[in-house]
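1. Predicted model and sequence follow; I will ask about them next.
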Amino acid sequence: MTEAHLKLGTKPSKQNKTDKDVIDADVTALLHWYDIHGRDLPWRRRWPDLAPAYHVFLSELMLQQTVVATVIPYFARFTERWPNLSALAASPVEDVLEAWSGLGYYARARNMHKAAQILTSEYDGTFPDAAELLIKLPGIGPYTAGAIAAFAFDKPAIVIDGNIERVLSRYFGIGTELPALKADIAAIYPEMIPATRRSDFPQALMDLASQICQPKKAGCDICPLSHSCVASRWNDPTILPVKPAKTPKPVRVGKAFVLCNEDGDVAVFRRAETGLLGGTLAFPSSGWDKSSPEFDWLEGATLKAKAPITHVFTHFRADIEVFQIEWQKQTSLPEPFFWTSSTTALPSLMAKILKSALNDQGRN
Ligand code: SF4
């Protein structure tokens with residue numbers, strides 16, 4: 001096989017066949033396994049049927065950073081409310097953000113909406129079938145572009161997520177450390193793409209990753225790729241992929257204030273459209289993030305200390321003290337704060353703060 005394949009020094013088992021023959025036989029076994037054990041997911045179709053590109057687009061944006069079980073009800077709600085790209089593009093972005101609430105990383109929802117508008121205005125409400133064009137849309141990276149091209153158009157696109165990366169690093173025995181590993185896998189991936197069922201192939205790899213070739217456990221004895229998988233002949237295939245040493249996330253410490261009036265409304269402001277938690281509702285807070293408007297008008301208010309909360313973002317951890325404040329509704333709030341009773345669309349950090357503030361028990 002290739003140089004990348006031999007980085008850990010082990011050869012494939014079927015030396016009497018060409019590398020391509022060996023790979024083709026394994027891919028056939030993988031697709032046969034997928035026919036029997038592949039998951040039925042609401043956005044998925046089996047070749048020769050192909051999934052609507054809109055469904056792949058929605059599900060893949062939702063699945064970035066979120067697990068399948070969480071995404072299923074969101075996908076059902078989105079497709080019912082916005083059955084096609086034009087409907088999504090025509091909807092106010094606030095409605096999309098509200099429906100997205102609970103999935104986190106709101107930039108994905110904004111990008112989804114923006115991409116829908118671009119596709120509606122520039123592509124007549126359809127998706128291009130080439131990954132090179134798809135990748136130009138907001139929120140669509142190489143993986144999602146490849147997924148749409150492969151799943152919806154059966155194109156021989158490169159589709160590499162963390163799961164496929166794991167399976168193929170073991171199959172080819174590639175010991176390159178993450179994140180450089182992705183480039184090595186991308187170089188070798190086209191060798192595996194079958195002549196037919198190109199839409200099923202990456203989805204079969206994903207299901208194999210989820211059911212058999214798992215991060216901490218490799219079920220090589222029941223794996224359709226075991227015949228010539230390099231790592232299957234080692235004591236511990238899970239040493240791949242090689243991860244870089246972990247560095248602890250920086251911690252930001254802050255305070256959040258939940259003003260409640262006699263009607264049970266809470267005081268919020270809307271965050272800037274771009275950046276962390278862009279466009280979502282938030283409580284006045286300080287320390288962990290610089291985007292809260294000034295709230296020195298709260299000086300002198302009686303604070304009730306509640307249980308602190310912790311929230312982990314991709315690049316840092318926020319440790320936040322929570323205070324609840326009783327406030328008269330008739331005392332007007334300075335701009336940009338306003339009262340709301342609608343808290344279902346709060347992002348999870350603010351939902352945690354609210355839950356702590358409304359809990360009868362104070363800080364331990
Ligand atoms: S044979 Fe084992 S290590 Fe190789 S892909 Fe299958 S489960 Fe993973």
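-> Looks like it came in fine.
2. So G279 sits against P92, correct?
-> No: counting by CB atoms under 8 Å, G279 sits too far from P92 to count as a contact (11.2 Å). The way it works is simple: take the backbone N, C-alpha and C, and place the C-beta from them, glycine included.
3. Which one's more surrounded, those two?
-> G279 (19 against 9; other CB atoms under 10 Å).
4. Is the more buried one located within a helix, as I assumed?
-> No: G279: not assigned to a helix; according to DSSP: H, G, I helix; E, B strand; the rest coil it is coil.
5. That one: what's its closest spatial neighbour, skipping adjacent residues?
-> Nearest in space to G279, with sequence neighbours left out and distances taken as CB to CB, 6 or more residues apart in numbering, is E273 at 5.0 Å.
6. Near T314, how many other residues are there?
-> A count of nearby residues for T314, using other CB under 10 Å, gives 9.
7. Kindly report the same for A152.
-> Applying other CB under 10 Å, we find 22 other residues in the vicinity of A152.
8. Next up, the contacts around it.
-> The contact partners of A152, by CB atoms under 8 Å, 6 or more residues apart in numbering, come to L50, A51, P52, A53, H55, V56, F127, D129, S199.
9. Next one: it, what pLDDT does it get?
-> We have a pLDDT of 98 for A152.
10. Against H113, how distant is the closest residue to it other than its chain neighbours?
-> With CB to CB, 6+ apart as the criterion, A152 has its nearest non-adjacent residue at 3.8 Å, and that residue is A53. Separation of A53 from H113 (CB to CB, to the nearest Å): 16 Å.
11. Turn the contacts of A152 into JSON lines, columns for distance to the ligand.
-> Listed next are the contacts of A152 as JSON lines, based on distance: CB to the nearest ligand atom, whole Å:
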{"residue": "L50", "distance to the ligand": "26"}
{"residue": "A51", "distance to the ligand": "25"}
{"residue": "P52", "distance to the ligand": "31"}
{"residue": "A53", "distance to the ligand": "29"}
{"residue": "H55", "distance to the ligand": "28"}
{"residue": "V56", "distance to the ligand": "25"}
{"residue": "F127", "distance to the ligand": "32"}
{"residue": "D129", "distance to the ligand": "30"}
{"residue": "S199", "distance to the ligand": "21"}
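12. Just the buried ones out of the residues you listed, please.
-> L50, A51, P52, A53, H55, V56, F127, S199 (16 or more other CB atoms under 10 Å).
13. out of those, which are inside helices?
-> The helices, defined by DSSP state H, take in A53, H55, V56 from the buried ones among the contacts of A152.
14. Do I have it right that the first one meets F127?
-> Yes: assessed by CB under 8 Å, A53 is found in contact with F127 at 3.8 Å.
15. For those two, list the residues in contact with both.
-> Joint contacts of A53 and F127 (CB under 8 Å, 6+ apart) are I148, A152.
16. how far out from the middle of the chain is stretch 100-107?
-> The chain centre lies 10 Å from the centre of stretch 100-107; the measure is CA atoms, centre = their mean, to the nearest Å.
17. How many residues are close by E80?
-> Here the count is done by other CB under 10 Å, and E80 has 8 residues near it.
18. Secondary structure element holding it?
-> Element membership for E80, per DSSP states H and E: helix 68-81.
19. list the contacts for S210?
-> R39, N163.
20. In terms of helices and strands, where is it?
-> Counting by DSSP H and E, S210 is found in helix 200-211.
21. again with V322
-> strand 317-326.
22. Kindly spell out which helices and strands sit in contact with that strand.
-> Using 3 or more CB pairs under 8 Å, 6 or more residues apart in numbering; DSSP states H and E, the elements in contact with strand 317-326 are strand 251-260, strand 304-312, helix 348-358.
23. Give me the sheet partners of the helix or strand following that strand and which way each runs.
-> Per DSSP H and E, strand 317-326 leads on to strand 338-340 as the next helix or strand towards the C-terminus. Note on strand 338-340: by DSSP bridges, its sheet partners are strand 266-270 (antiparallel).
24. Hmm, Y106 and W100 touching each other?
-> Yes: using CB under 8 Å, W100 is in contact with Y106, at 6.4 Å.
25. so what's A218 up against?
-> Contacts of A218 (CB under 8 Å, 6+ apart): R170, I212, A231, S232, P237, T238.
26. Can you check the pLDDT for the third one?
-> pLDDT, A231: 97.
27. Tell me if I'm right that it and P241 touch.
-> No: judged on CB under 8 Å, A231 makes no contact with P241 at a distance of 10.0 Å.
28. more neighbours, those two?
-> When A231 and P241 are compared on other CB under 10 Å, the one with more neighbours turns out to be A231, at 25 against 22.
29. quick one, what contacts the more buried one?
-> Neighbours of A231 in contact, by CB under 8 Å, 6+ apart: S169, R170, Y171, G173, A218, C220, P237, I239, L240.
30. Distance-wise, check it relative to V251.
-> Relative to V251, and taking CB to CB, A231 is found at 37 Å.
31. mind checking how far stretch 97-113 is from the chain centre?
-> 11 Å.
32. Then stretch 19-31?
-> With CA atoms, centre = their mean as the basis, stretch 19-31 stands 30 Å off its chain's centre.
33. Now do the contacts for the residue nearest in space to the middle of the chain.
-> For the chain, the residue sitting closest to the mean C-alpha position, by CA atoms, centre = their mean, is Q64 at 1.5 Å. When contacts are counted by CB under 8 Å, 6+ apart, Q64 touches Y105, R108, T144.
34. Much appreciated, bye for now.
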